[in-house]
Structures are given as structure tokens and as C-alpha cells.
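Engineer: Task: produce atomic coordinates for the following.
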Amino acid sequence: MAGTSRHDREMAVNAKKQLSVCTDPVDRLRMQCLARGSSGIKGLGRTFRIMDDDNNRTLDMKEFMKGLNDYGVLIEKDEAMKMFQRFDRDNSGLIDFDEFLLTLRPPMSNARKEVIMQAFRKLDKTGDGVITIEDLSGVYNAKYHPKYQNGEWTEEQVFRKFLDSFDSPYDKDGKVTMEEFLNYYCGVSASIDSDVYFILMMKNAWKL
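Structural biologist: Coordinates of the predicted model:
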């Protein structure tokens, strides 16, 4: 995504700093994800989805703990249990992981959400709520990417890298859901302070 690598580094440094002072378990998990860059929260979501064998989009305590562990999140067991209990609002012993990811995403202004949704709708040519790799070609503009501008990468390389940032290394299904798209841009958004700059960047990249 245009110009985000520098923001990514700044965000990772800031997240690590905040991690040393924040005490709330959810904030701490958010900072651990953001310390990995824009795709940190999306990556955790993927890990949980892979573990959701019956596709009911819920996790029990054991799956939740295993997901955090598999993703390499450093968290004390009692802290993870507290977090699980906070999300298990009806005391059913299960948490809805869409709701969990929603809470984990850094807050975004409505203006940012709207421009992200505009980009998603533009890409989702069939309107079925899923973007396929084919949908992306001809819409994503690689020429704004700094590595394309300095001659380091070809357009094809920028394109592949961009698609890889959406797709999981373990689950390359060639499809991007609205949730994955939002999770990705939540990370990007957290690295950019100015709404105006974020919206401009999105409009340039997606020709909105």
C-alpha cells in the first residue's frame, strides 16, 4: 500500500512503547498485534479462523488459548482468561470471534471506514461480499508504491506483494472478505494520524 512501510515501522515502535505501560489485557493484545505492523490483527484473525474447524465462528477457551499461542502472543494464562471472560458476555463458554476482532481493531473515524468500504465495493465487481484476486487486477494502482517509484520492484512484484498482504501464508484461497479488507486497513489506519492523508492515500491507490 502506498507509503505505508514507514508508517508501519513508526506504528510498531509506538505499539512496543505503549505495550510497556498499558495494563488492560485487550489493549495489550492490540499493541502486540500492531507491533507486527499493518497486518498484525488480520493475521490473528486468520489464525483463529484456521482453528474454527466447524466454521461456527466461535472459539472456546482452549481454542482461544491455542490461537494466541500459535500466533506467538506473549500473555499470561490468567490475563488471557480475563480477556476471554470479558468477551464471553452470555457466559456460554464461547466467544464470537468477529466481535472479538471488532473490539481489537484500533478505533477509526467514520470518514476512514467509508473510504475503505468505497474501495471494497469498487473491487467487489460481483457484489457478493468477496474480492477475488482477478477482481483486483486493473484496479489497484502500483505506480504509487515507493519501491515501484525508485525502480526496485516491477508493477508485477508490487501487485504480488499487495495480494500477499491480504492472503494468509497457510490459507491462500485467493479471496478477500470484507472483514479481511477492514482488518488490513485498520492496521494501516493506526499508522497514519491524519484523516485527510489516509483518505487521500486510499483515493489515489484505488482511483476513487
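
Engineer: Now for residue 200, how many residues are close by?
Structural biologist: As a burial measure, residue 200 scores 13 neighbours (other Cβ atoms under 10 Å). All C-beta atoms are positioned from the backbone trio N, CA, C, and that covers glycine.

Engineer: Then residue 22?
Structural biologist: Neighbours of residue 22 (other Cβ under 10 Å): 14.

Engineer: For it, which non-adjacent residue is spatially closest?
Structural biologist: residue 28 (5.7 Å; Cβ to Cβ, 6 or more residues apart in numbering).

Engineer: wait, that neighbour sits on residue 80?
Structural biologist: No - at 10.4 Å, residue 28 does not count as touching residue 80 under the criterion of Cβ atoms under 8 Å.

Engineer: that older thread, just the residues contacting the helix or strand containing the residue nearest to residue 22, thanks.
Structural biologist: Using DSSP states H and E, the element containing residue 28 is helix 25-34. Helix 25-34 has contacts (Cβ atoms under 8 Å, 6 or more residues apart in numbering) with 11-12, 15-16, 18-19, 22, 40-41, 43-44, 68, 73-75, 79-80, 82-83, 86, 103-104, 106, 187, 190.

Engineer: Can you name the element that comes right after the helix or strand of the chain with the lowest mean pLDDT?
Structural biologist: Counting by mean pLDDT, DSSP states H and E, the weakest-scoring helix or strand in the chain turns out to be helix 133-136, with a mean of 68. Once the chain leaves helix 133-136, the next helix or strand it forms, by DSSP H and E, is helix 146-149.

Engineer: residues of stretch 182-192 that come out buried?
Structural biologist: 182, 183, 184, 185, 186, 187, 188, 189, 190, 191, 192 (16 or more other Cβ atoms under 10 Å).

Engineer: Let's see which of those end up in helices.
Structural biologist: Residues of the buried residues of stretch 182-192 located in helices (DSSP state H): 182, 183, 184, 185, 186, 187, 188, 189, 190.

Engineer: which stretches of this structure have low pLDDT?
Structural biologist: Scanning the chain for pLDDT under 70 picks out the ranges 1-7, 133-134, 136-138, 163-174.
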